[in-house]
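> Here's a sequence, model it:
(one chain, ligands or ions: 3)
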Amino acid sequence: MKAWVTYALCALFALTGQVFSASQSSTGGMNAPEQREKPYVVLVSLDGFRADYLDRFRLPNLARVMKRGARAKWMNPVFPSLTFPNHYSLVTGLHPDKHGIVSNSFYDPARRQKYAMHDGPAVTDGTWYRGEPIWVTAETQGMVAACYFWPGSEAAIGGVRPTFVMPYDDDAPNDARVRRVLEWLRLPPDRRPHLITLYFSELDTTSHRNSLNSPNIERAARSLDATLGVLIDGIDALSFGSQVNLVITADHGMVETSRSRTITIESLVDLSGIEHTFDGPVSSFHVAGGDIARARKLRDDLNARLRNGRAYLRDELPDRYHYSADPRAGDVVVIMEEAWALKRATAKLVQFGNRGAHGWDPAAPAMRAVFLAMGPTLKPGLVIDPVDNVDVYPFMTELLGLRAAPGIDGQPGRIGSMVRK
Ligand code: AMP
Ligand code: ZN
Ligand code: ZN
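Residues are numbered from 1 along each chain as shown. Ligands and ions are numbered 1, 2, ... in the order given. Reported below is the predicted structural model:
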């Protein structure tokens, strides 16, 4: 495992052997006295876990969670149904055009810089992120927070970091992730994080490499289910295990694509005067100097030739996408029909062969994500109507007795019906 970093002020945990740097965690690694009796939330993301897998596959540990806790029929992702925008919405209760992480990669015309999820300096630079992620909400209210991976967790956002954070490492074994989370939960009450995020990419990675009909998809889901079993058993073994809420969700679902449904942008339009393009199920085009006449011409040229998608000026996008407020989304945005994608002539076709992909309209059933939770106040065996990604943040602040950040898009009431009052 790679070295890991914590930002607690000046303690030394023999348990973890971590290096300390100057504190940017508001708690300095100590729970305020009024936070120590509060419940715990472990937020788990199973990247790419489509809602219907829960019923289709044999998953005994997720079945345990459903029996002991509550489940939504599904969770609607935010637009676009990609990893970074959705994970950051889950922890802020904001749509991407408010929180600023509008895609996995995007261009900011004001900064004249690109952000990309695999670009270390960008993901760790707090100035890219707006909104208040739940670990910042927790830390600023005196509650210790820890992140075993989550988009945004490696940056100081509003100058605040979680007390514990792991630098992203795709190769970190899943069982090591669970072991570390259980170690955090075994810390003494004054230092034990009450809010923990935990992320697994295994199912998403398997889905991008296989047909969705492949037995490898269920195999990956079952492997994650076994990992969750270790986590649940570990929580049950804690003296305060009954106070731990386990919230299990995903960022988006998955659909099968094919090369024949991938269209090369250059076969449709001339890209002169277009400074930056981001292709895929949702494509963004930034016009040099933001020239509106050039943007209109690009939109019209695209729509004249495009059969399986539609181009919009950013301002014209339907409201339900919540995508018009941030210039990072592009001057022209193309939304493709499900399973169709645009690509640049120079882009590799790897992602859009006969295999899984995502990014499409959150209203498409295949993009629906799983959502279930168990904990001291959750109603056992309950199934509720679909919930929205942006409702998860206020739901978690309620479970933790924290004040949610003002001005969020989500409403705790909708998922709140899972909770015994
Ligand atoms: P996507 O295809 O949109 O589902 O993106 C999934 C990929 O996002 C994973 O396979 C990881 O490589 C990457 N990823 C997920 N979380 C992080 C993170 N916190 N930091 C960097 N990359 C991440
Ligand atoms: Zn994802
Ligand atoms: Zn993916």
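> List the backbone torsions phi and psi for the residue lying closest to L228 once chain neighbours are set aside.
Closest residue to L228 apart from its sequence neighbours, by CB to CB, 6 or more residues apart in numbering: N61 at 4.7 Å. The way it works is simple: take the backbone N, C-alpha and C, and place the C-beta from them, glycine included. Dihedral pair for N61: phi -80, psi -40, per degrees, to the nearest 10.
> Neighbours of the residue of the stretch 201-350 of the chain found nearest ligand 2, how many?
Taking CB to the ion, ligand 2 has its nearest neighbour within the stretch 201-350 of the chain at D251, 4.3 Å off. Other residues within reach of D251 by the criterion other CB atoms under 10 Å amount to 29.
> does it sit in a helix, a strand or a coil?
What DSSP: H, G, I helix; E, B strand; the rest coil gives for D251 is coil.
> I figured it hits D47, correct?
Yes: in this structure, D251 is within contact of D47 by CB atoms under 8 Å, at 5.8 Å.
> Could you measure from the residue of the stretch 201-350 of the chain closest to ligand 2 over to I415?
16 Å (CB to CB, to the nearest Å).
> interface residues of the chain facing ligand 1?
Residues of the chain found near ligand 1 (CB under 6 Å from any ligand atom) are 47-48, 82-83, 104, 117, 123, 149-151, 168, 170, 199, 201, 204-205.
> Let me know the pLDDT of the residue of the stretch 201-350 of the chain closest to ligand 2.
The per-residue pLDDT reported for D251 equals 98.
> Skip the chain neighbours and tell me the closest residue to it.
Using CB to CB, 6+ apart, the closest residue to D251 is N86 (3.7 Å).
> wait, isn't V255 in contact with H358?
Yes: using CB under 8 Å, V255 makes contact with H358 at a distance of 6.7 Å.
> Need the overlap of contacts for the two.
Contact criterion CB atoms under 8 Å, 6 or more residues apart in numbering; residues shared by V255 and H358: 366-367.
> one step back: of the residues of the chain next to ligand 1, buried ones?
47-48, 82-83, 104, 117, 123, 149-151, 168, 199, 201, 204 (16 or more other CB atoms under 10 Å).
> Among the residues you listed, which lie within strands?
Here DSSP state E is the test, and those give Y199 as lying in strands.
> now the buried ones among the residues of the chain next to ligand 1 as a markdown table including pLDDT?
Supplementary listing: those in a markdown table, determined by pLDDT from 0 to 100:
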| residue | pLDDT |
| --- | --- |
| D47 | 99 |
| G48 | 98 |
| L82 | 98 |
| T83 | 98 |
| N104 | 97 |
| M117 | 97 |
| V123 | 98 |
| F149 | 98 |
| W150 | 98 |
| P151 | 98 |
| Y168 | 98 |
| Y199 | 99 |
| S201 | 98 |
| D204 | 98 |
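> Tell me the residues of the stretch 51-200 of the chain that contact ligand 2?
T83 (CB under 5 Å from the ion).
> Quick check, the residue in the stretch 51-200 of the chain closest to ligand 2?
T83 (3.3 Å).
> who's in contact with that residue?
47, 104, 117, 151, 204, 251-252.
> go again using 7 Å as the cut-off
By CB atoms under 7 Å, 6 or more residues apart in numbering, the residues touching T83 are 47, 104, 117, 151, 251.
> Excluding chain neighbours, what is closest to the fourth one?
Taking CB to CB, 6+ apart as the measure, P151 lies nearest to H87, with 4.3 Å between them; neighbours along the chain are not counted.
> follow-up on the earlier one: what separates the residue of the stretch 51-200 of the chain closest to ligand 2 from Y199, distance-wise?
9 Å.
> any common contacting residues for those two?
D47.
> picking that back up, any idea how far the one helix or strand the residue nearest to P151 maps to is from the chain center?
Following DSSP states H and E, one finds H87 within helix 83-92. Its chain's C-alpha centre and that of helix 83-92 lie 4 Å apart, by CA atoms, centre = their mean, to the nearest Å.
> then that helix to CSV, C-alphas only?
These are the backbone C-alpha positions of helix 83-92, laid out as CSV (Å, rounded to 0.1, in the frame of the first residue of the first chain):
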residue,chain,number,x,y,z
THR,A,83,-18.0,9.2,-11.8
PHE,A,84,-16.7,12.6,-10.7
PRO,A,85,-19.8,14.7,-11.1
ASN,A,86,-21.9,12.1,-9.3
HIS,A,87,-19.6,11.4,-6.4
TYR,A,88,-19.2,15.1,-5.7
SER,A,89,-22.9,15.6,-5.9
LEU,A,90,-23.5,12.8,-3.4
VAL,A,91,-21.3,14.5,-0.8
THR,A,92,-22.4,18.1,-1.5
